[in-house]
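[1] Turn this into a structure:
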Amino acid sequence: LTSISIFIILLALTVIAGWLFDVSVLKSIFPGFISMKINTAICFLLSGAIFTCLTMGRWNTACRFMAFFLLVFGIATFSQNIFGYNLGIDQLLITDYDAIKNGLPYPGRPSPTTAFCFSLYGCALLCITSPNFRLKKIGQYSLHLITLISFIALLGYLLAAFYKLAFLTDIAFHTAFAFFVLSVASSFIHKNKGITGIFTGTKIGNLVARKLFPKMAITILL
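    Numbers count the residues shown, from 1 in each chain. From the prediction side, this is the model:
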């Protein structure tokens, strides 16, 4: 799990460097692909730091504050798309000249899918660290929802026709991949809960699930 947090932090720092020095390949990986916004990269940097603390068993007030920030940022950004107002946070740090040049709406703003996933992740972090069993369960299933959304986005990049039809794929490729990896890894903090518990148990059903799931996944992709 430590390697996952390192990957997320390095990815975030790489994208931030791309925005600071205006290197397109660091912002979008592939030419013509959607770029990861600076706000998204900063939130992933915080997410990686929080996940590092969780894996080390050092959940503290600073982690709670960062998790709450992710929740508020996600809700605030998502609400801008819902209610059509501008809070002035999209280009607060860096102006998105690429989006302005291409005439794209809302330059510097992360996609609604990205904002929704960050609000879910912030909520999940606060819930899975709560002593309340029900909140832990809610947090675990919030992580599973992020995994599902990011998987659909990644699938959209593999299937061009599906990509054009699904609004969920209006998200940068490396953003979707980071959400997928981070949500799956975070679900192993309480690996006996939720869907993760199906694949980590030692009973016959758990063994069958681990054996059949890869075959089922390949079949669905085909």
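
[2] Check which helices and strands the lengthiest helix in the chain sits against.
    Ranked by residue count, the top helix of the chain under DSSP state H comes out as helix 133-158. Under the contact criterion of 3 or more Cβ pairs under 8 Å, 6 or more residues apart in numbering; DSSP states H and E, helix 133-158 touches helix 112-128, helix 160-165, helix 173-187. Just so you know, the C-beta spots here come from the backbone N, C-alpha and C atoms, and that holds for glycine as well.

[3] now it against helix 112-128, angle please.
    150 degrees (axes from the mean of the first three to the mean of the last three Cα atoms, to 10 degrees).

[4] what separates helix 133-158 from the chain centre, distance-wise?
    9 Å (Cα atoms, centre = their mean, to the nearest Å).

[5] Worst mean pLDDT among the helices and strands packed on helix 133-158?
    Here these differ in mean pLDDT, and the lowest is helix 160-165 at a mean of 55.

[6] before we move on, the earlier item: just tell me which of the helices and strands packed on helix 133-158 ends up closest to Ile29.
    helix 173-187 (5.5 Å; Cβ to Cβ).

[7] packing partners for that closest one?
    Contact here means 3+ Cβ pairs under 8 Å, 6+ apart; on that basis helix 173-187 packs against helix 2-20, helix 38-55, helix 112-128, helix 133-158.

[8] Now the element after that helix, going C-ward?
    helix 196-200 (DSSP states H and E).

[9] Buried residues in that next one, which are they?
    For helix 196-200, the buried set under the neighbour-count rule, 16 or more other Cβ atoms under 10 Å, comprises Thr196.

[10] Could you list the residues in contact with that helix?
    Gln140, His144, Ser187, Phe188, His190, Lys191, Asn192, Gly205, Asn206, Ala209, Arg210, Phe213 (Cβ atoms under 8 Å, 6 or more residues apart in numbering).

[11] Can you check the pLDDT for the last one?
    At Phe213, the pLDDT value in this model is 85.

[12] Below-threshold pLDDT in the chain: ranges please.
    Residues of the chain meeting the criterion pLDDT under 70: 160-169.

[13] rewinding a little: with mean neighbour count and distance to Tyr97 as extra columns, can I get the helices and strands packed on helix 173-187 in a markdown table?
    Formatted as a markdown table, the helices and strands packed on helix 173-187 follow (neighbours: other Cβ atoms under 10 Å; distance: least, Cβ to Cβ, whole Å):
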| stretch | mean neighbour count | distance to Tyr97 |
| --- | --- | --- |
| helix 2-20 | 18 | 10 |
| helix 38-55 | 22 | 12 |
| helix 112-128 | 24 | 20 |
| helix 133-158 | 19 | 25 |
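
[14] export these to CSV and tack on distance to Gly88?
    Putting these into CSV (distance: least, Cβ to Cβ, whole Å) gives the following:
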stretch, distance to Gly88
helix 2-20, 18
helix 38-55, 12
helix 112-128, 15
helix 133-158, 27
